[in-house]
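Trainee: need a structure here:
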Amino acid sequence: MSWILLIIGGLFEVAFASCLGKAKETTGMESAYWMIGFLLSLIASMFLLYKATQELPIGTAYAVWTGIGAVGTVLVGIFVFKEPASFWRLFFIVTLIASIIGLKFVSSH
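Mentor: Coordinates of the predicted model:
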């Protein structure tokens, strides 16, 4: 169950970073709504990370949470914000995914 909470927390990390990107692109009330989304996603993400660390080692949990957020945010950047998808960028995203999977397999929980 802790791994599921951690993955969901990582997805909320993607959400809060994406909300920041959208808030930057908008003005007025629309920007305020994106900032509210940012704050709610941030709270959910941190709470789920906290709950996951009740059973998982903090180093592993934090690395996986951050990795999910990084990979997801780069993918949102590519598909939503039209950021470049160069070979090296994708190569290092794949190595990051492999590292996250490796941490899951070597974790004691």
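
Trainee: so Ala52 sits right up against Ser2, yeah?
Mentor: Yes - at 4.7 Å, Ala52 counts as touching Ser2 under the criterion of Cβ atoms under 8 Å. In short, each C-beta sits where N, CA and C put it, glycine included.

Trainee: Pick out the residue closest to the middle of this structure.
Mentor: With distances taken as Cα atoms, centre = their mean, Gly69 lies nearest the centre of the chain, 1.7 Å away.

Trainee: so what's it up against?
Mentor: Listed by Cβ atoms under 8 Å, 6 or more residues apart in numbering, the contact set of Gly69 reads 10, 13-14, 17, 45.

Trainee: What is the most widely separated pair among the residues you listed?
Mentor: Farthest-apart pair in the contacts of Gly69 is Gly10 and Ala17; separation 10.9 Å (Cβ to Cβ).

Trainee: Look at the two and report which has more neighbours.
Mentor: Set side by side, Gly10 and Ala17 show more neighbours around Gly10, with 25 against 20, by other Cβ atoms under 10 Å.

Trainee: Let me know the outermost residue of the chain.
Mentor: The chain, Cα atoms, centre = their mean, max distance from centroid: Gly28 (26.3 Å).

Trainee: Report pLDDT for that residue.
Mentor: For Gly28, the model assigns a pLDDT of 96.
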